[in-house]
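A.B. asks: Curious how this folds, go ahead:
(2 chains)
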Amino acid sequence: MAHALEPKAKTLAEAGSDAPYGVIGDLDPRVRVVLACVFAITTVALTTIPALIAALATAISLLMMSRLPIRRTLKRMAMMDSFIIFMLVLLPFTMPGDPMFSVFGFPASWQGLWKAIEIGLTANAVILTLMVLVGTMEPVTLGHALHKLRCPEVLVHLLMFTIRYIEVLREEYLRLRGAMKIRGFRPGTNWHTYRSFGYLVGMMLVRAIERSERILGAMKCRGFSGQLILLQEFRMIRRDHLFATLLGGVCVGLLFLDFL
Amino acid sequence: MHIVDGALSNPVVIGGAVAAAGGIAMGLKSLDIDRIPTAGVLSASFFVASLIHVPIGPSSVHLILNGLAGLLLGWAAFPALFVGLLLQAVFFGFGGLTVLGVNTFNIAMPAVLAWMIFGRLIGRGSPVQGAIWGGLGGAFAIAATTLFVAVSLALTGDEFLPAAKLVFFAHIPVMVIEAVLTGFAVLLARKVKPELFLKGSSA
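C.D. replies: Numbers count the residues shown, from 1 in each chain, chains lettered A, B, ... in the order given. Next up is the predicted model:
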């Protein structure tokens, strides 16, 4: 799934610390989650190109406010684009409409081109806002915020477990890969590679199950009852209200621009 | 395999979200306190497994392993895969927010179907027999996922049909790889920890 990660990039390292993310980092996590959803729904509802450009501009200005590494964040966004690009390139040729030009006898339509641009702008604006508003949170904070927003407790538990153990299991994976490498394993297109990778996945799962049994034992020993104990109290202050009002206003403005 | 925001029509997005919510609710109901750590750790390991690049000719594919996730987790595959997709969208920028429901359904429903069809079979007979059923389950889940993706695109509009067909045919090699890897993973698990799938099939 996360196939574009470089081998050296840590899965959740960047979100691991409560680094100061400018104005955005100080906001109440609940506000950020809700606003990201509101903005996403608004953007998906937009249908005109100028409004969508304005939405993307909003997302980019949020990025500027957040003090995230701009180049790397935009690069991640571009990675997503590389997955959808073939669909977007196909669209002008598959959507009927006024012909623009033709390639090898296949006519491209203006309508298809606009549709492709529309999808590209929407996808980028939403994902960028999501990364800026929610992705800058510490993963555990996200869990707590979701719990406070009345997500089912078990789901939040599952989220927290996943967050906690991704890094642990990744290290285990790298250890197993190291062990394979030291025995001269070089992946290629052959049966041996597929068998080795299959065993690798199987071994990871067996170890994960055994680890989970130990975890359950340790948790029971400490009186785990399935209840989520929150370490942080969230409080809405004037800054949060102000930001929520501002971004809410921008959303209304976008819808208005779309309507014009 | 991820669909992005803005590509699908509203009825498809809403339908996907409702279906995913239903699936997640089913999954959460099947998780009692004792199974939370197992589901959580497995959800994390599927996240990590999806980072593995498997070479195929000059290129490489990454694993999805939703079939295997379904075989091990049953309905709990729904919340587990949802959590994976949520983390990917939030921290890596893959996929989208409003399409999270559709994406969850497209990946988790085939997992649950694979479990319903093949779940009992992989625990039976010799480990090799189990592995073959596991492999079929793995291929089935990927085939169903691409089919679901194609259907979600096709329901949105005819202009996406060629793209949907392309997605399906481009994933045929992925189905083969997933089948082989899932098969071997099941084979190893059957040999090393035979009780794993016996429990899984009754869950």
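A.B. asks: Where does pLDDT dip in chain B?
C.D. replies: B:1, B:198-203 (pLDDT under 70).
A.B. asks: all strands for it, in order.
C.D. replies: B:53-56, B:59-62 (DSSP state E).
A.B. asks: ranking the ones you listed by burial, who's on top?
C.D. replies: Ranked by mean neighbour count under mean count of other Cβ atoms under 10 Å in any protein chain shown, those are led by strand B:53-56, which reaches a mean of 17. Glycine gets a C-beta too; all of them are placed from N, C-alpha and C.
A.B. asks: and A:Phe185, how many neighbours?
C.D. replies: By other Cβ atoms under 10 Å in any protein chain shown, 15 other residues sit near A:Phe185.
A.B. asks: Give me the secondary structure label for it.
C.D. replies: coil (DSSP: H, G, I helix; E, B strand; the rest coil).
A.B. asks: ditto for A:Pro107
C.D. replies: Note that with three-state DSSP, the state of A:Pro107 is strand.
A.B. asks: quick one: contacts for the residue at minimal distance from the centre of chain B?
C.D. replies: By Cα atoms, centre = their mean, chain B has its centre lying nearest to B:Asn66, at 2.3 Å. Taking Cβ atoms under 8 Å, 6 or more residues apart in numbering or on different chains, we find B:Asn66 in contact with B:Phe46, B:Ala77, B:Leu81, B:Ile107, B:Ala108, B:Pro110, B:Ala111, B:Ala114, B:Ala141, B:Ile142, B:Thr145.
A.B. asks: For the residue nearest to the first one when sequence neighbours are not counted, which residues are in contact?
C.D. replies: I take that to be B:Phe46. Leaving aside its chain neighbours, B:Phe46 sits nearest to B:Ala69 (5.0 Å; criterion: Cβ to Cβ, 6 or more residues apart in numbering or on different chains). B:Ala69 makes contact with B:Leu42, B:Phe46, B:Ala77, B:Ala80, B:Leu81, B:Ala111 under the criterion Cβ under 8 Å, 6+ apart.
A.B. asks: and the first one, how far is that from chain A?
C.D. replies: In this structure, B:Leu42 and chain A are 6 Å apart, going by Cβ to the nearest Cβ, to the nearest Å.
A.B. asks: What about that residue, how many residues nearby?
C.D. replies: 29.
A.B. asks: Touching, it and A:Glu210? I think so.
C.D. replies: No. B:Leu42 is beyond contact range of A:Glu210, at 11.7 Å (criterion: Cβ atoms under 8 Å).
A.B. asks: From the contact counts, what lies against the top helix by length along chain B?
C.D. replies: The longest helix of chain B (DSSP state H) is helix B:127-156. Applying 3 or more Cβ pairs under 8 Å, 6 or more residues apart in numbering or on different chains; DSSP states H and E, we find helix B:127-156 packed against helix B:10-29, helix B:66-73, helix B:100-118, helix B:161-170, helix B:172-192.
A.B. asks: Most tightly packed of those helices?
C.D. replies: helix B:66-73 (a mean of 32).
A.B. asks: Can you give me the pLDDT of A:Leu254?
C.D. replies: Here the pLDDT value assigned to A:Leu254 is 92.
A.B. asks: Please tell me I have it right and it contacts A:Leu56.
C.D. replies: No. Here A:Leu254 does not reach A:Leu56: they are 10.6 Å apart, not a contact under Cβ under 8 Å.
A.B. asks: Which one's more surrounded, the two?
C.D. replies: Each of A:Leu254 and A:Leu56 has its neighbours counted (other Cβ under 10 Å); A:Leu254 has more, 23 against 20.
A.B. asks: what about B:Ala25, distance to B:Pro127?
C.D. replies: 35 Å (Cβ to Cβ, to the nearest Å).
A.B. asks: what does B:Leu81 give?
C.D. replies: Taken as Cβ to Cβ, the span from B:Leu81 to B:Pro127 is 26 Å.
A.B. asks: Neighbour count: those two, which is higher?
C.D. replies: Per other Cβ under 10 Å, whichever of B:Leu81 and B:Pro127 has more neighbours is B:Leu81, with 33 against 18.
A.B. asks: hang on, the earlier thing: okay, the contacts of B:Ala69 in JSON lines with distance to A:Val132 next?
C.D. replies: Below are those laid out as JSON lines (distance: Cβ to Cβ, whole Å):
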{"residue": "B:Leu42", "distance to A:Val132": "31"}
{"residue": "B:Phe46", "distance to A:Val132": "27"}
{"residue": "B:Ala77", "distance to A:Val132": "30"}
{"residue": "B:Ala80", "distance to A:Val132": "27"}
{"residue": "B:Leu81", "distance to A:Val132": "25"}
{"residue": "B:Ala111", "distance to A:Val132": "31"}
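A.B. asks: In helices, which of the residues you listed fall?
C.D. replies: B:Leu42, B:Phe46, B:Ala77, B:Ala80, B:Leu81, B:Ala111.
A.B. asks: contacting residues for the last one?
C.D. replies: Going by Cβ under 8 Å, 6+ apart, B:Ala111 touches B:Asn66, B:Gly67, B:Ala69, B:Gly70, B:Leu73, B:Ala77, B:Phe78, B:Leu81, B:Ala141.
A.B. asks: Over to the fifth one?
C.D. replies: Applying Cβ under 8 Å, 6+ apart to B:Leu81 gives the contacts B:Ser43, B:Phe46, B:Asn66, B:Ala69, B:Thr104, B:Ile107, B:Ala108, B:Ala111.
A.B. asks: contact partners of the host helix or strand of A:Ala59?
C.D. replies: Per DSSP states H and E, A:Ala59 falls inside helix A:49-66. Residues outside helix A:49-66 that contact it (Cβ under 8 Å, 6+ apart) are A:21-25, A:39, A:42-43, A:46, A:70, A:73-74, A:114, A:117-118, A:121-122, A:124-126, A:128-129, A:132-133, A:136, A:250, A:253-255, A:257-258.
A.B. asks: Pull that helix out as CSV, backbone CA atoms only.
C.D. replies: Output of helix A:49-66 as CSV, limited to C-alpha atoms (Å, rounded to 0.1, in the frame of the first residue of the first chain):
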residue,chain,number,x,y,z
ILE,A,49,-12.2,25.2,-11.9
PRO,A,50,-11.8,28.7,-10.3
ALA,A,51,-13.3,27.5,-7.1
LEU,A,52,-11.1,24.4,-7.1
ILE,A,53,-8.0,26.5,-7.7
ALA,A,54,-9.0,28.6,-4.7
ALA,A,55,-9.4,25.5,-2.7
LEU,A,56,-5.9,24.3,-3.6
ALA,A,57,-4.6,27.8,-2.8
THR,A,58,-6.2,27.5,0.6
ALA,A,59,-4.5,24.2,1.1
ILE,A,60,-1.2,25.6,0.1
SER,A,61,-1.5,28.6,2.4
LEU,A,62,-2.3,26.2,5.3
LEU,A,63,0.9,24.4,4.4
MET,A,64,2.8,27.6,4.6
MET,A,65,1.3,28.3,8.0
SER,A,66,2.2,24.9,9.3
